[in-house]
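Enquirer: only geometry, no sequence info:
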């Protein structure tokens, strides 16, 4: 142990280790070492079953809301059903071949923190809930934070039901196959009103805590970000017989657009990534007829993001005109800058600093989107706790958190529970 975890807490750390070992194998791809836990797919459903069983073992009341989000409630004696709760938790789904910690760390830590609070004799004065938000990554249907967006009214239920996954199934079909009723999707104002505060613990997806030498930090803001689908349309033809000057190859404007994304993001210290493309007819000896490419763009402020996406789009149109192809750009999702409330984040930071015996802990912004940001934009008091990732890598099998830092996260979240509930 590194000194952050007292010997008296070893039993609680064993709880974390046990829960982690139960969940860790689920959805892991043997070939890559990464995880494939896509919304409502068998692997993600197995994660849901694990959570329900772990919550039941703790005597928590389990329910699935109208939007597919899971809730496990610790209701103190005499608490009113409509009383505002302290909500903790995260998500269990993953990006393709993602890491083990993005999302699940917050869920496992939440369950372990409830055990730790109980073991200390703590009795809450308000309800506490552990939430697992559905489809946070948007890996299957292309819409990030779908469960929290639906609950807060930021995603129209008709649009959600019609979203098509890579396997060709719509979200409505996938939910039905998983035993959920997609007809009930939509804003859940009554449930949202019960959330007095949401504190999400998450592995850091960057290097700030490594550079500061700290195991725990608190988020200040989430950068504005969006996902944009670029569709380049040209003419399929023979790769061997069609002269270069006669081609209308959509891969060419896409290639220039990808280079523009890289250079434009570097100039503005922003982030721009074409991480997914689809090519038709996708033959080695055929000139493509269509290239669809998805841009993920993020920046420190909205003006910079708008300028970044505008510059990339201008390049796409310019090169489409050059070689006689068509271009269409569609905004699939967009989130503005999100500042976490100063009062709550300061309180959380101070509670954790006191628990660690320090004057302060690091405060840092993040370029990654989270359900916490969706709830904050809906007016919920929200804070985020980050746990150090020594690789600085995320959305990859190399994402990591040392066990002692995970344990420190349990203690930090336990302190927050005891202070706020």
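Expert: Received the coordinates, thanks. From a predicted model like this one, the values you see are computed outputs, not experimental measurements. Numbers count the residues shown, from 1 in each chain.

Enquirer: Only C-alpha atoms from now on, for both contacts and neighbour counts.
Expert: Noted.

Enquirer: Do you have the strands of the stretch 301-421 of the chain handy? List them.
Expert: Residue ranges of the strands in the stretch 301-421 of the chain, as given by DSSP state E, counting those that start in this stretch, are 326-335, 338-339, 363-366, 381-387.

Enquirer: could I get those as a markdown table with distance to residue 292, mean neighbour count and mean pLDDT?
Expert: A markdown table is the format used below for the strands of the stretch 301-421 of the chain (distance: least, C-alpha to C-alpha, whole Å; neighbours: other C-alpha atoms under 10 Å; pLDDT from 0 to 100):
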| stretch | distance to residue 292 | mean neighbour count | mean pLDDT |
| --- | --- | --- | --- |
| strand 326-335 | 10 | 15 | 94 |
| strand 338-339 | 30 | 18 | 88 |
| strand 363-366 | 28 | 17 | 93 |
| strand 381-387 | 35 | 25 | 97 |
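
Enquirer: Kindly reformat these as TSV and extend each row with distance to residue 254.
Expert: Shown next, in TSV, are these (distance: least, C-alpha to C-alpha, whole Å):
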stretch	distance to residue 254
strand 326-335	9
strand 338-339	31
strand 363-366	29
strand 381-387	36
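
Enquirer: so which of the ones you listed gets nearest residue 87?
Expert: Nearest of the strands of the stretch 301-421 of the chain to residue 87, taken as C-alpha to C-alpha: strand 381-387 at 9.5 Å.

Enquirer: before we move on, the earlier item: just so I know, which of the strands of the stretch 301-421 of the chain lies nearest residue 61?
Expert: Among those, the nearest to residue 61 by C-alpha to C-alpha is strand 381-387 (23.0 Å).

Enquirer: Mind listing residues that contact the closest one?
Expert: 196-204, 209, 215-219, 340-341, 344-345, 348, 372-373, 375-376, 401, 405-406, 409 (C-alpha atoms under 8 Å, 6 or more residues apart in numbering).

Enquirer: strand partners of it, parallel vs antiparallel please.
Expert: strand 195-203 (parallel), strand 216-222 (antiparallel) (DSSP bridges).

Enquirer: Rebuild those as JSON lines, extending it with mean pLDDT.
Expert: Shown next, in JSON lines, are those (pLDDT from 0 to 100):
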{"stretch": "strand 195-203", "mean pLDDT": "97"}
{"stretch": "strand 216-222", "mean pLDDT": "95"}
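
Enquirer: among those strands, which is nearest residue 185?
Expert: Nearest to residue 185 among these is strand 195-203; the distance by C-alpha to C-alpha comes to 18.8 Å.

Enquirer: For residue 268, find the nearest of the strands of the stretch 301-421 of the chain.
Expert: The nearest among the strands of the stretch 301-421 of the chain, by C-alpha to C-alpha, is strand 363-366 at 16.3 Å.

Enquirer: Need the strands paired with strand 381-387 in a markdown table (columns: mean neighbour count).
Expert: Output for those, formatted as a markdown table (neighbours: other C-alpha atoms under 10 Å):
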| stretch | mean neighbour count |
| --- | --- |
| strand 195-203 | 24 |
| strand 216-222 | 24 |
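
Enquirer: okay, residue 5: pLDDT?
Expert: Note on residue 5: pLDDT of 47.

Enquirer: export the strands paired with strand 381-387 to JSON lines and tack on distance to residue 234?
Expert: What follows is the strands paired with strand 381-387, written out as JSON lines (distance: least, C-alpha to C-alpha, whole Å):
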{"stretch": "strand 195-203", "distance to residue 234": "42"}
{"stretch": "strand 216-222", "distance to residue 234": "38"}
